[in-house]
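Novice: What shape does this take:
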Amino acid sequence: MTTFSMRRVLVASGLILGSTFLFASNAKAADPQPAGGGIGGGVAPVSLLTYTAPAGVTLNPSGGNTDMAFGSVWLQNNSYAGWTLTVKSTNGSKLSNATYGNVAYTGLSATSTSSRLGSSANIDVSTANTAVNVYNPIAGALYDTNTGKLDCGDSTGCTITFTADIADSAINGKPAGDYAETLTFTLTSKQ
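Specialist: Residues are numbered from 1 along each chain as shown. The predicted structure is shown next:
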């Protein structure tokens, strides 16, 4: 009886080993298959503009005001096609007082922190409420091929300072009071 039960054990072991070999022969390693796909993202359009008015400007009747501060704009725009900055005057190149009349100014001009924009020529805002170009740069003037970035497109943007001249003759003899002008700036992305 001992022999018989031993045989049974051997037969059972042989079946286990046989099935192991059977499964091992079917578990052949598969060839590696390449996989992948495109990865990308978008940069959202940015077109921001803020205006900062000058503080505490006093008109000088005896000497006039040369290069008088007319405020500054900060802009950020990342349109590769470029952008346009326009300005319009409510009073047509005049500081106005409803009771005492106007004080005319001339030579409104803009200077930028960007060397690529440089200074603009005199901006003629003598026709009230008509928008005129301050800057109308093309994309090639704004894109730096060395850095791969747009001038005025990064988070520091560009600051543009506005100045104008007021002759002493325009101020001399005017009554005391506040004389004001409203300039409206518009930043438009080109398509």
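Novice: I'd say His81 and Gly153 touch.
Specialist: For residue 81 the amino acid is Ala, not His. No: look at Ala81 against Gly153 with Cβ atoms under 8 Å: they stay out of range, at 11.8 Å. Yep, even glycine has a C-beta here, placed from its N, CA and C like the rest.
Novice: quick one: which of those two has more around it?
Specialist: For Ala81 and Gly153, the more surrounded residue by other Cβ atoms under 10 Å is Gly153, and the numbers stand at 21 against 10.
Novice: Would you mind measuring from the more buried one to Ser189?
Specialist: The span separating Gly153 from Ser189 equals 11 Å under the rule Cβ to Cβ, to the nearest Å.
Novice: now do Glu181
Specialist: In terms of Cβ to Cβ, Glu181 sits 27 Å off from Ser189.
Novice: Show me the longest strand that occurs in the protein.
Specialist: strand 65-77 (DSSP state E).
Novice: May I see the buried residues of it?
Specialist: Asn65, Met68, Ala69, Phe70, Gly71, Ser72, Val73, Trp74, Leu75, Gln76, Asn77 (16 or more other Cβ atoms under 10 Å).
Novice: Give me the distance from it to the chain's centre.
Specialist: 18 Å (Cα atoms, centre = their mean, to the nearest Å).
Novice: Check the gap between Gly40 and Pro137 for me.
Specialist: 28 Å.
Novice: Tell me which of those two has more neighbours.
Specialist: Pro137 (20 against 4).
Novice: Not counting sequence-adjacent ones, nearest residue to the more buried one?
Specialist: Excluding the flanking residues, the one nearest Pro137 by Cβ to Cβ, 6 or more residues apart in numbering is Gly82, at 5.4 Å.
Novice: what sits against Leu49?
Specialist: Going by Cβ atoms under 8 Å, 6 or more residues apart in numbering, Leu49 touches Val73, Trp74, Leu75, Leu85, Phe185, Thr186, Leu187.
Novice: For beta bridges, what are the partners of the last one?
Specialist: When you say that, I think you mean Leu187. Leu85 (DSSP bridges).
Novice: That one: neighbouring residues, count only.
Specialist: Neighbours of Leu187 under the rule other Cβ under 10 Å: 20.
Novice: I'd like to know how many residues surround Ser112.
Specialist: Neighbour tally, Ser112, other Cβ under 10 Å: 23.
Novice: how much space between the nearest residue to Ser114 once chain neighbours are set aside and Gly71?
Specialist: Sequence neighbours aside, Cys158 is the residue nearest to Ser114 in space, at 4.6 Å (criterion: Cβ to Cβ, 6+ apart). According to Cβ to Cβ, Cys158 stands 15 Å off from Gly71.
Novice: what do you get for Asp154?
Specialist: Asp154 is 23 Å from Gly71, by Cβ to Cβ.
Novice: Ala170 should be in a helix, yeah?
Specialist: Yes: assessed by DSSP: H, G, I helix; E, B strand; the rest coil, Ala170 belongs to a helix.
Novice: Make sure it is actually in contact with Ala104.
Specialist: Yes: between Ala170 and Ala104 there is a contact under Cβ under 8 Å: 5.0 Å.
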